[in-house]
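> please work out how this folds:
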Amino acid sequence: MSTRRRPSARLLASALALGAATLGLSACQCGALPRDKGPDPKQNAQVRRPTGGYDPRNIPPAPDHPPELACAPEPADAGPPTLAGRPLTWLEPLPPGTELVAWPLDAQHVLLALRHDYAAPDRPRPAGVLWRVACAAPEQREVFVEREGADFGYAAPRADASALYFSDADGVGLLDLSTRQVSRITTAPMAGDDCWAAAGGDGETRLRELVVALVSNGADTELVLHRGGPCGFEGDWRAREVRIAFPADPTRRAEREPHPVSAVAAGPEGALWVADAGRCDEPGVVDPQTRGAVWRSDDGGRSWRRVPVQGDDGRLQTAAREVAADAHRPGHALALGAVCRDGGRGVFGGELFATRDGGDRWTRVPSPAGTEGSNPATRLSDVTLVDGRLDHVLARTEAGERFETRDLGAHWTALGQGPALGGDGTLVTVGADQYRATPDGLWWHEADEARRVFPPTTTPSATPPATPQATPPATPLATPPEPRPEAARPEAAP
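The predicted model follows:
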């Protein structure tokens, strides 16, 4: 017997929808906003959100003891931002897509830098300047470091505030705040042929590595980067999230790319179904995901089979955001495609498909009237089976409109506005085993044991994320990821 709780809409919600958006001020802890909290002026502060469509920040878990700011900049109704209640008269008006960020230095001073929106059509060159400002005299500033090509707006301080990881011209650097010396942490790779700029004959293009946060992952420390460049359609900014374990230790430093699992379901026979849609909007961060397919395991996650979702009447356009298994009939399942936006040029996904034979054949489920237009908010983004039965489906749009069908879409009944259909996470139980979908893969739990069983890798991991991490909204893959091999093996237990 299996049970299933549906995922929270916040799991893949935009990071900037939280915090201090209504104040025009966003608070930053080592580059990350605390979940469900407003701005804390004692933490790294940022003034004036970018107005562009892409903000590369995420909400990874904040460090246990983030360094505090001696003082924090605040937005002003008119004129420049203020620091310690006094205007920063030396700061010129911030252009659209630019914000002022602050990093800790000592008990009397903060470091200030400008952060630019890399998704803006006219991407400015990084200023390469980090200013030192005294809280007692904000009218004055000193150039603390000036470095060609560096972007100190994308940075993360170490927990003891002794050094600052930052986006350097060709990778990530570590600035020692005592000596002002820079050590190299990473070297950004060159863009491949799948990058628009590189393929367009513009010459070699080095990707940019934007520092997002320094986070705690169990006993490890990870540096979160967004590695990207003008690689999307017509040169839109497109990036991937990369995590560097033990960034300060070159002997242990290791890189990985998180692969989200957006939903998991289990059939009555114990088969596991996985949907792995992640962020897919362009411009923006695009997660690894499997376009046009779901995944199935018949042996508790020890091996996986890629199952294309397609039939005579079409195929899944995007990766699957949701997958639901009939609790009473083996092999009966439903898949919902993620809704993806492509830089204002189009909207994709949000379509439903059903199978009654374990995924060998799929049938397109007609969508409710008015849910297939160009407005992403009106497309289906949430689905659940009533009493675990494929023949009784509830669906909901991003805008909150709910619909019901008892004949797989032949007839839909509009139920009006309503809350999200699911609970606080995605979890299925099969016997004594539990499987949890997270932004960092599918995790198996039994008693005190845990390990990641999807995606299949060769690197063991035994530190599941403590809580689901919120991620920005979703949209179309300009370059879909290559499908993984059939029957790939998961990582071994540590």
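
> low-confidence regions, the stretch 51-200 of the chain specifically.
51-66, 124, 199-200 (pLDDT under 70).

> can you pull out the strands in it?
In the stretch 51-200 of the chain, the segments counted as strands under DSSP state E, counting those that start in this stretch are 73-74, 82-83, 86-87, 98-104, 109-116, 129-134, 137-146, 151-157, 163-168, 171-176, 182-187.

> which among those is found nearest to Ala447?
Set against Ala447 and scored by CB to CB, these come closest in strand 151-157, at 35.7 Å. Bear in mind the C-beta positions are built from the backbone N, C-alpha and C, glycine included.

> what's the burial count for Val129?
16 (other CB atoms under 10 Å).

> what's near enough to touch it?
By CB atoms under 8 Å, 6 or more residues apart in numbering, the contact list for Val129 reads 113-114, 143, 145-146, 152.

> quick check: the closest residue to Asp298 other than its chain neighbours vs Ser262, distance?
Closest residue in space to Asp298, ignoring its immediate chain neighbours: Ala271 at 5.3 Å, by CB to CB, 6 or more residues apart in numbering. Going from Ala271 to Ser262 by CB to CB, to the nearest Å gives 18 Å.

> more neighbours, these two?
A count of neighbours by other CB under 10 Å puts Ser262 above the other of Ala271 and Ser262, at 27 against 21.

> ok, that one touching Gly278?
Yes: using CB atoms under 8 Å, Ser262 makes contact with Gly278 at a distance of 6.9 Å.

> thinking again about what came up before, show me how to select, in ChimeraX, the buried members of the contacts of Val129.
Here is the ChimeraX command that picks out the buried ones among the contacts of Val129, judged by 16 or more other CB atoms under 10 Å:
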select :113,114,145,152
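
> for Leu88, state which of the contacts of Val129 is nearest.
For these, the nearest to Leu88 is Leu114 (11.8 Å; CB to CB).

> tell me who's in contact with that closest one.
By CB under 8 Å, 6+ apart, the contact set of Leu114 is 94, 98-101, 127, 129, 153.

> would you agree Pro268 is in contact with Gly331?
No: with contact defined as CB under 8 Å, Pro268 does not reach Gly331; the gap is 9.5 Å.

> so Leu390 is in which element?
Using DSSP states H and E, Leu390 is not contained in any helix or strand.

> my guess is Leu390 meets Gly331, correct?
No: Leu390 sits out of contact with Gly331 when judged by CB under 8 Å, with a separation of 10.2 Å.

> nearest to Thr187, of the contacts of Val129?
Here the nearest of the contacts of Val129 to Thr187, counting by CB to CB, is Phe152; it sits at 18.7 Å.

> what sits closest to that closest one if chain neighbours are left out?
With CB to CB, 6+ apart as the criterion, Phe152 has its nearest non-adjacent residue at 3.7 Å, and that residue is Ala113.

> for the stretch 201-350 of the chain, which residues score under the pLDDT cut-off?
201-203, 217-219.

> try the stretch 351-494 of the chain
Within the stretch 351-494 of the chain, the stretches with pLDDT under 70 are 422-425, 457-494.

> please, where are all the strands along it?
Under DSSP E, counting those that start in this stretch, the stretch 351-494 of the chain gives strands at 352-355, 363-365, 380-385, 393-397, 401-405, 413-417, 426-430, 433-438, 441-446, 449-454.

> got those as a markdown table, with mean neighbour count and distance to Ala198 columns?
Shown next, in a markdown table, are these (neighbours: other CB atoms under 10 Å; distance: least, CB to CB, whole Å):
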| stretch | mean neighbour count | distance to Ala198 |
| --- | --- | --- |
| strand 352-355 | 24 | 35 |
| strand 363-365 | 20 | 36 |
| strand 380-385 | 23 | 33 |
| strand 393-397 | 23 | 38 |
| strand 401-405 | 19 | 42 |
| strand 413-417 | 10 | 46 |
| strand 426-430 | 20 | 37 |
| strand 433-438 | 21 | 33 |
| strand 441-446 | 21 | 30 |
| strand 449-454 | 21 | 31 |
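
> which one of those strands lies closest to Ala72?
Between Ala72 and these, the shortest separation by CB to CB is 32.2 Å, and it involves strand 433-438.

> thought Pro126 was touching Gly149?
Yes: under the criterion of CB under 8 Å, Pro126 is in contact with Gly149, at a separation of 6.3 Å.

> which of these two has more residues huddled nearby?
Using other CB under 10 Å as the criterion, Pro126 and Gly149 rank with Pro126 on top: 23 against 12.

> check the gap between the closest residue to that one other than its chain neighbours and Leu210 for me.
Nearest in space to Pro126, with sequence neighbours left out and distances taken as CB to CB, 6+ apart, is Asp151 at 3.7 Å. Per CB to CB, Asp151 is found 7 Å from Leu210.

> any chance of a markdown table for the contacts of Leu114, columns distance to Pro368?
Formatted as a markdown table, these follow (distance: CB to CB, whole Å):
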| residue | distance to Pro368 |
| --- | --- |
| Leu94 | 44 |
| Thr98 | 42 |
| Glu99 | 40 |
| Leu100 | 45 |
| Val101 | 44 |
| Ala127 | 49 |
| Val129 | 53 |
| Gly153 | 44 |
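
> filter those residues down to the buried ones.
Among these, those classed as buried by 16+ other CB under 10 Å are 94, 98-101, 127, 129, 153.

> tell me the one of the residues you listed nearest Phe353?
For those, the residue nearest Phe353 by CB to CB is Glu99; the value is 42.0 Å.

> which strand residues bridge that closest one?
Arg115 (DSSP bridges).

> isn't it right up against Leu112?
No: look at Glu99 against Leu112 with CB under 8 Å: they stay out of range, at 10.9 Å.

> how close does Leu408 sit to Trp443?
Using CB to CB, Leu408 is found at 32 Å from Trp443.

> likewise Thr179?
Distance check for Thr179 against Trp443: by CB to CB, it reads 42 Å.

> which residues sit in contact with Gly359?
By CB under 8 Å, 6+ apart, Gly359 lies in contact with 294, 296, 307, 309, 331, 333.

> is it true that Arg305 touches Asp299?
No: using CB under 8 Å, Arg305 is not in contact with Asp299; the gap is 10.2 Å.

> which one of those two is surrounded by more residues?
Arg305 (17 against 12).
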